[in-house]
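Undergrad: When you get a sec, could you give me coordinates for this:
(2 chains)
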There are 2 protein chains.
Amino acid sequence: MDENCIFCNIAAGEMDTDLIYEDDRCVAFHDINPQAPTHVLVIPREHIVGIAEAKSDHRDLLGHLMLVAADVARQKGIEDSGYRLVLNWGDDGGMAVPHLHLHVLGGRTMTWPPG
Amino acid sequence: MDENCIFCNIAAGEMDTDLIYEDDRCVAFHDINPQAPTHVLVIPREHIVGIAEAKSDHRDLLGHLMLVAADVARQKGIEDSGYRLVLNWGDDGGMAVPHLHLHVLGGRTMTWPPG
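TA: Presented below is the predicted three-dimensional model:
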């Protein structure tokens, strides 16, 4: 855990953030600047800066994050209507917090291109 | 393999598609309608319709797709500038081909919201 990382603190339960899902490896919560009626972040408890810094040891964890994202979408009632998963890296990607996080967006028609 | 699925056919080498990466579980190639200077698709060889139909057995494969996406971005020279990974499900997500595929977009500043 990086004590200066806001997402590490959220995962540790040290912020006043409502977790809509948690297990021993990840947590999910609503984005504070939602870009769609449903906008959830799924993050690992482990402090991985972003996808470009993930190692082969993280393969199972990364797959788990995707399956949890799909579960969260099901739980939020947007599986039938559809949704978009987004993961940003670096400046061009628009990565805002340097702790890997997977966006789940739905509840409206997502347009193309994706930003 | 679904013989009627264009992405299954691409993965099987039966289309005239230039593969920029391949291994025993996935392939990567350029999107035919690029939305950014670099726009690559990473797809599993296995015919999974989309993320909402992925099972826990697919966890390792899904993580592999994400690590390959990061490798492809590195290979394409957009790791330092940044990039966005996108996975669509259903109508609201804008899923165009019903075979799971991960978009890798970079080479320009990706805007927010992501579509």
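
Undergrad: what's the closest non-adjacent residue to A:Trp112?
TA: Leaving aside its chain neighbours, A:Trp112 sits nearest to B:Gly94 (5.4 Å; criterion: C-beta to C-beta, 6 or more residues apart in numbering or on different chains). The way it works is simple: take the backbone N, C-alpha and C, and place the C-beta from them, glycine included.

Undergrad: now A:Met15
TA: Using C-beta to C-beta, 6+ apart, the closest residue to A:Met15 is A:Asn9 (5.1 Å).

Undergrad: Report the distance from the host helix or strand of that neighbour to the chain centre.
TA: Assigned by DSSP states H and E, A:Asn9 belongs to helix A:6-11. In this view, helix A:6-11 has its centroid 12 Å away from the chain centroid, taken as C-alpha atoms, centre = their mean, to the nearest Å.

Undergrad: Report the buried residues of it.
TA: Judged by neighbour count (16 or more other C-beta atoms under 10 Å in any protein chain shown), helix A:6-11 contains these buried residues: A:7-11.

Undergrad: related to what we said a few turns ago, return the distance of the residue nearest to A:Met15 relative to A:Val97.
TA: According to C-beta to C-beta, to the nearest Å, A:Asn9 stands 11 Å off from A:Val97.

Undergrad: Would you quantify the distance from A:Val97 to chain B?
TA: Going from A:Val97 to chain B by C-beta to the nearest C-beta, to the nearest Å gives 13 Å.

Undergrad: same question but for A:Val104, I mixed them up
TA: 10 Å.

Undergrad: Assign the nearest residue to that residue once chain neighbours are set aside to helix, strand or coil.
TA: For A:Val104, ignoring the flanking residues on the chain, the nearest one in space by C-beta to C-beta, 6+ apart is A:Val40 at 4.4 Å. Following DSSP: H, G, I helix; E, B strand; the rest coil, the label given to A:Val40 is strand.
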